[in-house]
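A.B. asks: predicted model and sequence below, questions to follow.
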Amino acid sequence: GFSKTICHVANLPFNVIEDSLLFSFGHCGEVQRVHIAKDGQSQKPRGFAFVEFKTAEGAQKAVNANGLDIGGRQVRITFAPEKDSGSKRGAAGR
């Protein structure tokens, strides 16, 4: 299944900061949390982030804004897969 309030934002510029994501998605609804994925060892951003909205409506508006320009790049916005949806993909690479 997919989260109703958390969006996965891909194709981000590597210099993106949380404040710019808060600003970019503020028009969609109240943002609860922003998490920019970083490499476990180098701590460099990996080019994607998760944006959690207070409401499902906010997340839907964000997904509808797919292709939004952030830092000169068109980002891909989708609903994030739920953490415990049986997906074991993340554990394999450790």
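C.D. replies: Received the coordinates, thanks. Residues are numbered from 1 along each chain as shown.
A.B. asks: just the helices in the chain please.
C.D. replies: For the chain, the helices defined by DSSP state H occupy 18-25, 56-64, 89-92.
A.B. asks: which of these is buried the deepest?
C.D. replies: Comparing the helices of the chain by mean neighbour count (mean count of other CB atoms under 10 Å), helix 56-64 comes out on top with a mean of 18. Heads up, the C-betas are built off the backbone N, CA and C, glycines and all.
A.B. asks: which pLDDT value goes with residue 94?
C.D. replies: pLDDT, residue 94: 37.
A.B. asks: and residue 83, by the same measure?
C.D. replies: 79.
A.B. asks: likewise residue 49?
C.D. replies: 98.
A.B. asks: contact partners for it?
C.D. replies: 8, 9, 12, 16, 21, 34, 35, 36, 37 (CB atoms under 8 Å, 6 or more residues apart in numbering).
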